[in-house]
Every structure is written in structure tokens, then in C-alpha cells.
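S.K.: Got a predicted model here, sequence first, then my questions.
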Amino acid sequence: MCFLNGMVLVQAEMVSSQKEKNSLFNHVSATLSQLDMEMIQSVPQGGNWQDIPSHIVEKSARLMQIRESGGRTTYYGRLHPDYPSYTISTYFNRPGNGTFIHPDQDRLISLREGARLQSFPDDYRFLGSQTSMYKQIGNAVPPLLARSIAESIPVGLAVDLFAGAGGLSLGLVQSGHRPIVAADNNRNMCLTYSYNHPDTMTSLSNLQNTEDFENLCNLIDNTLHGRTLQLVAGGPPCQGFSTAGKWDSRDSRNSLVVPMLKVIQRFQPEFVLIENVLGLKWMEKGAILQRIISILDSMEYSTQWYTFKAEAYGVPQRRRRIFIIGSRSGDYDAPTPFFASVKRTRNRDIIQYSSNQLPLPISVREAIFDLPEIESGNISHIQSYNGESVLSNYQKYMRDEISYEEFLKSVQS
Ligand SMILES: C[S@@+](CC[C@H](N)C(=O)[O-])C[C@H]1O[C@@H](n2cnc3c(N)ncnc32)[C@H](O)[C@@H]1O
């Protein structure tokens, strides 16, 4: 750990920097209670809480409540191997919070399987507490999605704010960008980030704290050393951002959008990328989204917002996110999808795709079925692949056996 201007720069020196070949990291699955086990054993592939028999439902207050209120059909879901997964949230350590039961084994998907479904390659290692690892993975921008989006931005130096475990940064790196500084206020996030991005200055900073904010700006300034900043990227939570008055007024003081806009105002990068949840579209009837766009417009960015579907860019997961992209030159061409995406239908048993011209999205089977079988509650964070058979080009790509280009070529041919 070293200090700079009173700000802690996190270094992952406490963890061996050897990224051992043939080692499989974080293939760890949450422990289940006996009751949880009884529940998940009765759910078939593609099924959910509605498949759990009454005599088991009656043993669980939560299930009784879900049954009475007609809860979501994703709860207590078991993944179907032939389709992309549902959204990987930060709670895939609990069966009642989504569709996280392994398709074939009576356990929840492991951290590594969650990471695969988020398109993190296998040599990306998650550090810190186990609870944090679920957050790190579930919160991340899928690197393959970030990669496609960033490929339309001319490469250059980048700053990643609210960087988390570094999913967005990984996509930036994969598309040729160079994150020089990343900031997050969570120590576990910074630990994972700095281990996997050793060339980036990882700063443990609370962006709402004036002193931390100033120190971060100094760090960016010193690291830039007069060079042009191409991109400021990040995904600030947008709650609390006031749609009235000056954008950096007292009213917006608690919003994390403000420090991000201040960094943009101060460094005037060529491009700006703000990632957010789909809910931003509806937050205050769309006023917050429009407000952010008009502030960026007033800073002379030509700004657009897009909804991207992760499965259309090679991620084996249905995940929709909003990206606000601003450019000083006015040029940004959103990437064209190279996989079909899943259409929303009322009946979750019927899967429809957006196109029959494009290849089908990567399925759960293609994403994780090469990984060794494990028991529920397995706690070994380092294992070996042990000659498990590789079934798909996505798995080969995750294992670094083929390049991204080879992976894409294989699905397009
Ligand atoms: C959605 S996550 C970021 C995910 C990341 N972009 C990725 O792709 O992996 C948001 C992050 O903001 C961080 N955060 C929340 N409040 C913050 C603050 N006041 N200052 C700095 N970081 C903060 C959280 O710790 C969390 O890691």
C-alpha cells in the first residue's frame, strides 16, 4: 500500500502476481441451507418457484409470500442451457433472487460461472471478501459489451470513474484504449481492479469527498503529464440528481453524477461515456437522462443515448444497459449487433429472437459447460481445469486458447 497526497493508492501486491496457467480461479459456489437444497432440487431446467411443490413452499415464509403476491417468474429459477442467462445481479449467491441455479447440478452457479456469463475471461481474478466478489461481478459492465462500444471511439488515454472490479475498463483495454487512472471508494473493488490492471493507477477515493476529489484530479493531471485525455468513462448511480437549478448546486450535492461531470468539465476529454441501468430512462419521467444530455451539450459534446443488449455483442446473458456517449467532434457510430438478441415476450417459456439473419446468442451451455463439476458450498478459490473437455469457441476464448477475432469468425461462419 502506498500513499500519495494523503490518498491511498491500492496495490494488489499482497496477492501473488503470477497468473498461473491452467489454474481456474473463483470456481466457488454459495452454501445452501437444507431447505434451499430441497427447493432447487424440484426446479427443472428453465423452471422457477412455481415448480416447487406445496409441501416445500409451506416451509418457507419467503416462498409463501412470493406465492401469495405472484412473484416474478425469475425467482428460484434454474438456467436453461440452450439460451443466454438472465441478468446476473449482485445476488447470485441466493436462489430466491433470480435465475441462478446451475442447469445440471443442484447448486447455484459459481463466481467463475457468473464471471463467464458476464464475459470476464478466466484469467481475470476476483479478490477480497466473497460477498464483495458477487457484487464485483454482478455490478460490472460485461467486458465484451464495453469492448464493442469502445471500438467506435478512436483509441487513447482514458479515466474510469466508479471503476468497480473493472469490467468497463477491461473492454476499453481490449479495444485498444489505455485507462491511466481508475477510482472507486470500495477497497475490495480497488483490490480486484489493481490486480487485473497493473498499469493503471487505482485510486481508493470517495468522489463525494472534496479532498479525495481534488487529489484524484491532481493524480489525473500528473499522470496525463500534458497528454490529451481521450475518454472519461464511468457508471455513477443517478439517484438524487436534481433536474432544476445549476447542475452542481446544493440540491445535487448528493448525486454521484456531479463529480463525474466536474471531471469532464475540468479535463475536457474528446469523448465521454456514462453507463447506467435501464431505469434511468424512466427516472423522474426521463428528466434526469435529458438533463445529463443537455449539460454535456452545453459543454460542447454532441451527445446521444443508446440502449445496448449485451447478448447482441457476444455476452451469454440478457442484460440491457443505457450508455450516454458524448463526442467533441460529433462522430460516434454505435456498434452494429453481431448476434440476434432475445425479444421480450409475455410468456417466459417462449423465446423469440430479434433477427433470423444473425447467429443465435451464446447460450449458457456454450458459456460454462466445460467447467469442473463442484459441490454446493465449495470454497476452493484456486482449482485446475483438469482436462475437462472444451465444447465451444466461447469457452476457448474465455480460456485464452483462441483470440477474440477467431471467436467472432467461428460464430459468423
Ligand atoms: C456499477 S459499479 C461500477 C462497475 C464498473 N463500471 C465495472 O464495469 O466493473 C459502481 C461503483 O461505484 C462505486 N462507488 C459508489 N459510490 C462511490 C463514491 N462516492 N466514490 C467512488 N466510488 C463510488 C461502487 O463502489 C461501485 O464499485
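M.R.: Sure thing, it's come through. Residues are numbered from 1 along each chain as shown.

S.K.: quick one: A158 is in a strand?
M.R.: Yes. Using DSSP: H, G, I helix; E, B strand; the rest coil, the assignment for A158 is a strand.

S.K.: Leaving out the residues flanking it, which one is nearest to it?
M.R.: Closest residue in space to A158, ignoring its immediate chain neighbours: L231 at 4.1 Å, by CB to CB, 6 or more residues apart in numbering. Where C-beta positions appear, they are placed from N, C-alpha and C, glycine not excepted.

S.K.: in the helix or strand containing S194, what's buried?
M.R.: Assigned by DSSP states H and E, S194 falls within helix 187-196. For helix 187-196, a neighbour-count test (16 or more other CB atoms under 10 Å) marks N188, M189, C190, L191, T192, Y193, S194, Y195, N196 as buried.

S.K.: Equivalent analysis for stretch 270-287, please.
M.R.: E270, F271, V272, L273, I274, E275, N276, L280, M283.

S.K.: Let me see the domain layout of the protein.
M.R.: With domains defined by automatic domain parsing, the chain comprises 1-13+135-413, 34-117.

S.K.: I'd like to know which of the ones you listed lies nearest to the ligand.
M.R.: When the domains of the chain are compared by CB to the nearest ligand atom, domain 1-13+135-413 sits nearest the ligand, at 2.9 Å.

S.K.: Can that closest one be said to contact the ligand?
M.R.: Yes. Judged by CB under 6 Å from any ligand atom, domain 1-13+135-413 comes into contact with the ligand at 139-141, 162-168, 183-186, 189, 206-208, 235, 256.

S.K.: circling back to that earlier point, what about the buried residues of stretch 270-287, which are in strands?
M.R.: Counted as lying in strands by DSSP state E, out of those, are F271, V272, L273, I274, E275, N276.

S.K.: In these, find the pair that's most separated.
M.R.: Farthest apart among those by CB to CB are F271 and N276. That separation is 16.6 Å.

S.K.: JSON lines for the buried residues of helix 187-196, including pLDDT?
M.R.: Converted to JSON lines, the buried residues of helix 187-196 look like this (pLDDT from 0 to 100):
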{"residue": "N188", "pLDDT": "97"}
{"residue": "M189", "pLDDT": "97"}
{"residue": "C190", "pLDDT": "97"}
{"residue": "L191", "pLDDT": "97"}
{"residue": "T192", "pLDDT": "97"}
{"residue": "Y193", "pLDDT": "97"}
{"residue": "S194", "pLDDT": "97"}
{"residue": "Y195", "pLDDT": "96"}
{"residue": "N196", "pLDDT": "97"}
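
S.K.: so which two of the residues you listed are the farthest from each other?
M.R.: By the measure CB to CB, N188 and N196 form the most distant pair in these, at 13.0 Å.

S.K.: Lovely, talk soon.
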